[in-house]
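Visitor: Just the structure for this:
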Amino acid sequence: MAPTLVHGHIGLDYARGLVRVGSEIKAMLVAGGIAPAQWPPDGREIARIAELLDVSETKVQAQIEQVFRLSAVEQQQVLNYVQRVADIMAHIMSERNQLFTKLQNIAELTRI
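Guide: Alright, predicted model coming up:
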């Protein structure tokens, strides 16, 4: 399944790539903090975010513009890369597992 931008709990968008080793999901790579098209949020949404984060509305309001704004092209680039990077991580983990198995086998041979 290809990554998509998803709207998160604090109103920002994120995408995720799954790190699969064999048939198991071992990790998740998340790219987030991306402002949706309707940003900044209104006062009610800022109050909800402040309550969720257990901070004052003033602090949320002071930081509300400290988000990533991406064009449609840049958003597509994030979506293209997030799974590719996750796949690279999976490859590294698989190689590590294979090397560890080889080293264990060598250790077993030297005990005989």
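Visitor: Which residue, other than its chain neighbours, is closest to residue 97?
Guide: Of all residues not flanking residue 97 in the chain, residue 21 sits nearest, at 6.9 Å (C-beta to C-beta, 6 or more residues apart in numbering). Heads up, the C-betas are built off the backbone N, CA and C, glycines and all.
Visitor: Show me the beta-bridge partners of the one you found.
Guide: residue 24 (DSSP bridges).
Visitor: Identify the residues contacting it.
Guide: Each residue near residue 21 by C-beta atoms under 8 Å, 6 or more residues apart in numbering is listed here: 90, 93-94, 97.
Visitor: swap in residue 36?
Guide: By C-beta under 8 Å, 6+ apart, the contact list for residue 36 reads 7, 11-13.
Visitor: Take the contacts of residue 21 and keep only those in helices.
Guide: Using DSSP state H to define helices, the subset of the contacts of residue 21 located there is 90, 93-94, 97.
Visitor: Please list only the buried members of the contacts of residue 21.
Guide: Taking 16 or more other C-beta atoms under 10 Å as the criterion, what is buried in the contacts of residue 21 is 90, 93.
Visitor: Take the contacts of residue 21 and write them to TSV, including distance to residue 44 and pLDDT.
Guide: Formatted as TSV, the contacts of residue 21 follow (distance: C-beta to C-beta, whole Å; pLDDT from 0 to 100):
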residue	distance to residue 44	pLDDT
90	41	93
93	44	91
94	47	89
97	49	86
